[in-house]
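Novice: no FASTA, just this:
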């Protein structure tokens, strides 16, 4: 525990390059979320909950009454992405193992950093609980449409919490492994 800062150059290099490459993947993942769902609980809920949650869905369905609704002309040409059950199953099938491996890799790096046991435990828990909240929120919004906004909040919070876990491990690794003052301080302790 806590020996990564004094590890050989190639070990510290591998840890750092892994984190940087993971950051590239996370950046593209965030871009994909922005393109297809957005970063707001309401947009996540609308994307996953299905057509019942959209204001223009099924206008006039179940009623013979004519209604006039305001239309945003700019939004007409924008495709609206939704995630149905089949795509949600596929996303879950892919994301669960990736999140598990990412959480495990972050945990191994955390074990190598000089941190109190409670801080290590908190970071490890965050690396695994955050993706669970993300996926549970997506499924909750899909299955319980009346509470889709609440589950949208859960998804957004889980996604940002996973990003926070990554950034904390990256920052601690960079500081402890590469800043000369930090490495000297730690090796004499």
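Specialist: Happy to help now that I have it. Keep in mind that what you see is a predicted model, and the values were worked out from it rather than measured. Numbering: from 1, shown residues only.
Novice: buried stuff in the longest helix anywhere in the chain?
Specialist: Longest helix in the chain, counting residues (DSSP state H): helix 148-178. Buried residues in helix 148-178, defined by neighbour count with 16 or more other C-beta atoms under 10 Å: 148-149, 151-156, 158-159, 161-163, 165-166, 168-170, 172-174, 176-177. All C-beta atoms are positioned from the backbone trio N, CA, C, and that covers glycine.
Novice: packing partners for that helix?
Specialist: Where contact means 3 or more C-beta pairs under 8 Å, 6 or more residues apart in numbering; DSSP states H and E, helix 148-178 is packed against helix 9-36, helix 41-49, helix 85-112, helix 117-143, helix 180-188.
Novice: Reformat those as JSON lines; add mean neighbour count.
Specialist: Output for the helices and strands packed on helix 148-178, formatted as JSON lines (neighbours: other C-beta atoms under 10 Å):
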{"stretch": "helix 9-36", "mean neighbour count": "13"}
{"stretch": "helix 41-49", "mean neighbour count": "23"}
{"stretch": "helix 85-112", "mean neighbour count": "15"}
{"stretch": "helix 117-143", "mean neighbour count": "18"}
{"stretch": "helix 180-188", "mean neighbour count": "12"}
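Novice: Turn those helices into TSV, including distance to residue 68.
Specialist: TSV is the format used below for these (distance: least, C-beta to C-beta, whole Å):
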stretch	distance to residue 68
helix 9-36	31
helix 41-49	22
helix 85-112	33
helix 117-143	30
helix 180-188	65
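Novice: Output those helices as CSV; include the columns mean pLDDT.
Specialist: Putting the helices and strands packed on helix 148-178 into CSV (pLDDT from 0 to 100) gives the following:
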stretch, mean pLDDT
helix 9-36, 92
helix 41-49, 86
helix 85-112, 94
helix 117-143, 96
helix 180-188, 61
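Novice: Tell me which of those helices lies nearest to residue 71.
Specialist: helix 41-49 (17.1 Å; C-beta to C-beta).
Novice: on that earlier part again, distance from the longest helix of the chain to the middle of the chain?
Specialist: Chain-centre distance of helix 148-178: 7 Å, with C-alpha atoms, centre = their mean, to the nearest Å.
Novice: Alright, that wraps it up for me.
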